[in-house]
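>>> Model the following, please.
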Amino acid sequence: ISLVIERCLVWFHHIKSTTKRRMILDWSQELELGGFCKPGCPGVLIFEGEASQCTEFKKRLRALNWKAMSIREEDWEELASNPSITPAADDMRVIDRHRKLPKILVELQPEGGMSRLSLECKAAGLEKLFLRALKIDSTGALGAKEQPRHRNPATPHRNIGSNDGQSPASPRGVFVEDDRRKEESHEAVVYRLDHMRHKAKYSKRLSDFTAACELQGHLLFYKRFIFIFLQGTQRGLLEWHRLMTTQTVDADSRGRPCKERMLRELFRCQQGRPRALANARPLEVVNTSAWDEVVRIFALHIGSCPAGTVGKETGDAQLKATVEKLLGVSASR
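As a prediction, the model looks like this:
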């Protein structure tokens with residue numbers, strides 16, 4: 001059986017309903033699809049995943065009431081054939097290895113979302129798909145002649161990407177210098193969480209957000225304290241914080257899904273260059289009761305910041321004292 005990964009870009013007149021936005025995110029998680037959703041007017045949804053799951057996703061989208069909806073681009077990639085007895089989990093691992101977009105669907109901010117989406121598509125090597133979908137060529141000219149698109153090897157050729165009679169705004173000049181500076185600027189940041197009611201579920205969500213934003217770090221449980229150490233691009237850190245405060249990550253006292261309202265930033269600094277961590281996964285989970293381990297992880301992240309904040313030159317005793325002060329935790333507690 002051929003395994004096919006599909007990438008699709010859908011244009012909407014607008015995506016404003018919070019109910020619809022919630023359904024889009026929930027369905028993408030259920031069907032294991034990843035990508036980006038730009039709400040507002042116009043609305044744009046770009047996603048990828050196993051072809052049959054994408055088909056089901058589009059079917060559900062069409063069932064909703066939209067002022068205008070158009071599937072502008074579809075692209076299929078046939079992967080290595082697998083026997084029919086291959087477990088679904090193995091197929092999904094093959095799909096994951098060929099993803100170009102984030103593993104989860106990330107909702108962008110309506111303001112500036114088109115610029116961010118264009119940057120993400122460019123970084124993923126999908127710039128031509130993005131520009132074709134918005135009816136422009138690589139120079140930003142409107143009304144460009146459409147290029148031949150890849151056809152689903154499992155389905156006959158059909159005409160796709162018809163216009164609904166309305167064209168979205170041109171993203172001419174969206175690759176702005178300010179966004180490039182944000183992308184290249186690296187930072188290290190330390191957060192403190194007040195509590196976790198469902199530790200396993202919360203940790204999984206944190207790991208997914210960290211991977212989607214291309215960050216790396218540690219989730220540290222020290223006695224009754226919970227710390228999150230992250231480093232990466234400023235743009236990735238901003239998106240991670242937005243996901244943490246807009247997506248459901250835990251449950252409240254009544255067991256209802258809730259968003260994080262008690263995330264506290266303790267420390268942030270610029271990095272001269274990113275430091276590669278020897279982590280097996282983007283977010284390494286550490287449980288410890290040893291203060292030296294807290295200091296070690298702190299130094300891994302913050303030790304790569306410019307001199308004058310925290311570094312080896314301060315000496316072990318002063319470093320430990322600095323960590324106590326910044327984290328607000330005493331080694332004796």
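
>>> From residue 291, how far off is residue 324?
Computed with C-beta to C-beta, to the nearest Å, the distance linking residue 324 and residue 291 is 9 Å. Where you see a C-beta, it was placed from the backbone N, CA and C, and this is true even at glycine.

>>> Equivalent analysis for residue 215, please.
Note on residue 215: its distance to residue 291, by C-beta to C-beta, is 25 Å.

>>> which one of the two has more residues nearby?
A direct count of neighbours by other C-beta atoms under 10 Å for residue 215 and residue 291 places residue 215 higher, at 21 against 18.

>>> Centre of the chain to the host helix or strand of residue 122, how far?
If you go by DSSP states H and E, residue 122 is part of helix 113-123. Its chain's C-alpha centre and that of helix 113-123 lie 13 Å apart, by C-alpha atoms, centre = their mean, to the nearest Å.

>>> and it, which residues are buried?
With burial defined by 16 or more other C-beta atoms under 10 Å, the residues of helix 113-123 counted as buried are 113, 114, 115, 116, 117, 118, 119, 120, 121.

>>> Might you report the residue contacts of the fifth one?
This means residue 117. 36, 38, 44, 46, 108, 130 (C-beta atoms under 8 Å, 6 or more residues apart in numbering).

>>> Mind checking which of these are in helices?
Among those, the residues falling in helices (DSSP state H) are residue 130.

>>> Among the contacts of residue 117, which one lies nearest to residue 54?
Comparing the contacts of residue 117 against residue 54 with C-beta to C-beta picks out residue 46 as the nearest, at 11.3 Å.

>>> How many residues are close by the closest one?
Number of residues near residue 46 (other C-beta under 10 Å) recorded here: 26.

>>> correct me, but it touches residue 127?
No. Contact between residue 46 and residue 127 fails when scored by C-beta atoms under 8 Å: they sit 11.7 Å apart.

>>> what residues are shared contacts of these two?
Jointly contacting residue 46 and residue 127 under the rule C-beta under 8 Å, 6+ apart are residue 121.

>>> So residue 285 sits against residue 203, correct?
Yes. Counting by C-beta under 8 Å, residue 203 is a contact partner of residue 285 at 5.9 Å.

>>> So the two - more neighbours on which side?
Between residue 285 and residue 203, residue 203 has the larger neighbour count (other C-beta under 10 Å), namely 16 against 13.

>>> how would you label the more buried one: helix, strand or coil?
Secondary structure assignment for residue 203 (DSSP: H, G, I helix; E, B strand; the rest coil): helix.

>>> list the contacts for it?
Residue 203 neighbours (C-beta under 8 Å, 6+ apart): 196, 219, 283, 285.

>>> need the contact list for the second one.
For residue 219, the set of contacting residues under the criterion of C-beta under 8 Å, 6+ apart consists of 203, 206, 207, 226, 227, 228, 283, 284, 285, 286.

>>> Ok, the last one next?
If you count contacts by C-beta under 8 Å, 6+ apart, residue 285 has them with 203, 218, 219, 221.

>>> For those, work out which two are farthest apart.
Across the contacts of residue 285, the longest distance by C-beta to C-beta is 11.6 Å; it joins 203 and 218.

>>> Quickly list what's touching both of those two.
283, 285.

>>> What separation do you get for residue 39 and residue 114?
For residue 39 relative to residue 114 (C-beta to C-beta), the value is 11 Å.

>>> typo on my end, it should be residue 28
According to C-beta to C-beta, residue 28 stands 20 Å off from residue 114.

>>> how about low-confidence regions in the stretch 1-150 of the chain?
Applying pLDDT under 70 to the stretch 1-150 of the chain flags the ranges 1, 80-90, 135-150.

>>> quick one: the strands in it?
Under the criterion DSSP state E, counting those that start in this stretch, the stretch 1-150 of the chain contains strands at 4-12, 34-38, 43-50, 69-78, 105-107.

>>> Show me the helices in the stretch 51-200 of the chain, by range?
Taking DSSP state H, counting those that start in this stretch as the criterion, the stretch 51-200 of the chain carries its helices at 51-63, 88-97, 113-123, 127-133, 177-184, 199-212.

>>> Pull the contacting residues for residue 100.
Counting by C-beta under 8 Å, 6+ apart, residue 100 touches 7, 48, 124, 125, 126.
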